[in-house]
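Chemist: Kindly return the folded structure for what I paste below:
(one chain, ligands or ions: 2)
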Amino acid sequence: MITSPLPGTPRRQEPTPYVDLTRSEWSALRDKTPLPLTAAEVEKLRGLGDVIDLDEVRDVYLPLSRLLNLYVEATDRLRGALNTFLDTGDGHGTQHGTPFVIGVAGSVAVGKSTVARLLQALLARWPEHPRVELVTTDGFLWPMKEMEARGLMARKGFPESYDRRALTRFVADIKAGKDEVTAPVYSHLKYDIVPGERLTVRRPDILIVEGLNVLQPALPGKDGRTRVGLADYFDFSVYVDAKPEDIESWYLSRFRKLRETAFQNPDSYFHRHTLVSEEEAMAYARRMWQTINLPNLTQNVAPTRARATLVLRKGPDHKVQRLRLRKL
Ligand SMILES: Nc1ncnc2c1ncn2[C@@H]1O[C@H](COP(=O)(O)OP(=O)(O)O)[C@@H](O)[C@H]1O
Ligand SMILES: CC(C)(COP(=O)(O)O)[C@@H](O)C(=O)NCCC(=O)O
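Modeler: Numbers count the residues shown, from 1 in each chain. Ligands and ions are numbered 1, 2, ... in the order given. Model prediction:
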């Protein structure tokens, strides 16, 4: 369960490892962001396909892009310190920059994709890091055949429904600075991995990795030894948080919307839900939430919240109400 109410006015005066900010405290930092949105960029953001309130972009996500820009610059300086240490006088041992990796975690339907797409668009506006790639972890779900063989069809999105080793290797290769790294591709239409299709990532300045389980601790090896996990490669991570009841209502309204649009395609895995009454279709969506996505949130996703660098707590209207930032 989500235990501590997050974040908020600290009940105790004791120090915590976090800085808690209200929305208004955070949005006041917006004025220090040197890159106000132009009218053309506002239009471009609208084109992302989500209904995004532009005040929300200005008040919450623009300051976040500034914070991330400062972290990228600070990481570059830290690399400079490492190079000073490693310098052998002949340039040997000098480390070149590798992509800055940001993880975006949270429940199904909490708004991870929306946050990740917004960050991608906002971060790419900064001259220091124009190339921002976004990868979702669904490409690393086991193919449906494999999922059926493993008895995982009712556990899609649970940590074990992913090829975690391949996912960790993928991010490790990018962090290692490899020129070209590829990943499998998932189709929401087919509800399955697309055979033979790969996504290629070529040394971006920033990589955003978005998915339910990106903050999960490493999988223990067969020998019981601890391994390196995906989150060990993150330079920054964001957990998108909200009340489970609110997330359920977003899940259901997204399902209703998809039923009127994408599911109408006869090739859609969910097309059958357009052939029954709305009541019947919504009863199915509620069952999916209650039996798969809510248990996954409670058992696996929510317990990783405390590991994030930043927690964005959304209210019922999707607006971020409070923020919790890890102290350094
Ligand atoms: N900031 C926002 N404002 C309005 N609606 C939003 C916002 N973020 C997400 N949504 C809506 O909530 C639903 C879930 O968001 P989505 O980004 O698809 O979630 P996830 O990737 O976590 O499954 C979608 O219908 C999306 O359009
Ligand atoms: C594809 C998902 C597992 C999310 O994948 P992610 O990119 O977060 O790894 C999820 O959106 C999903 O389809 N869950 C299965 C249950 C459902 O359809 O609601």
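Chemist: Contact distance from ligand 1 - what residues of this protein qualify?
Modeler: Within reach of ligand 1 by Cβ under 6 Å from any ligand atom, the chain has these residues: 50-53, 56, 106, 108-114, 250, 254, 318. For every residue, glycine as well, the C-beta is placed using N, CA and C.
Chemist: So how do I select the buried members of those residues in ChimeraX?
Modeler: Applying 16 or more other Cβ atoms under 10 Å to the residues of the chain next to ligand 1 leaves a buried subset, and the ChimeraX line that selects it is:
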select :52,56,106,108,109,110,111,112,113,114,250,318
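Chemist: can you tell me which two in the residues of the chain next to ligand 1 are farthest apart?
Modeler: Asp53 and Val108 (21.9 Å; Cβ to Cβ).
Chemist: Tell me how far Leu252 lies from ligand 2.
Modeler: Leu252 sits 11 Å away from ligand 2, going by Cβ to the nearest ligand atom, to the nearest Å.
Chemist: Could I get the buried residue list for the helix or strand harbouring that residue?
Modeler: Element membership of Leu252 [criterion: DSSP states H and E] is helix 244-260. For helix 244-260, a neighbour-count test (16+ other Cβ under 10 Å) marks Pro244, Asp246, Ile247, Glu248, Trp250, Tyr251, Leu252, Phe255, Leu258, Arg259 as buried.
Chemist: ok, now stretch 152-165?
Modeler: Neighbour count says stretch 152-165 has Leu152, Arg155, Lys156, Gly157, Phe158, Pro159, Ser161, Tyr162, Asp163, Arg164 buried, by 16+ other Cβ under 10 Å.
Chemist: check contacts around the second one.
Modeler: It stands for Arg155. By Cβ atoms under 8 Å, 6 or more residues apart in numbering, the contact list for Arg155 reads Ser161, Ile292, Asn296.
Chemist: in the stretch 1-150 of the chain, which spans are helices?
Modeler: Assignment of helices within the stretch 1-150 of the chain using DSSP state H, counting those that start in this stretch yields the ranges 23-27, 39-46, 54-56, 62-86, 112-123, 144-149.
Chemist: any idea which of those scores lowest on pLDDT?
Modeler: Of all these, mean pLDDT reaches its minimum on helix 39-46 (a mean of 69).
Chemist: check contacts around the residue nearest to His318 when sequence neighbours are not counted.
Modeler: Distances taken as Cβ to Cβ, 6 or more residues apart in numbering put Gly111 closest to His318, at 6.3 Å, once the chain neighbours are dropped. Contacts for Gly111 (Cβ under 8 Å, 6+ apart) come out as Val240, Ala242, Trp250, Lys314, His318.
Chemist: And the pLDDT at Gly111?
Modeler: Predicted confidence (pLDDT) for Gly111: 93.
Chemist: With Asp87 instead?
Modeler: According to the model, Asp87 scores 83 on pLDDT.
Chemist: Tell me how far it lies from Arg66.
Modeler: Going from Asp87 to Arg66 by Cβ to Cβ, to the nearest Å gives 32 Å.
Chemist: Please identify which of these two sits among more neighbours.
Modeler: Between Asp87 and Arg66, counting by other Cβ atoms under 10 Å, Arg66 is the more crowded of the two (18 against 12).
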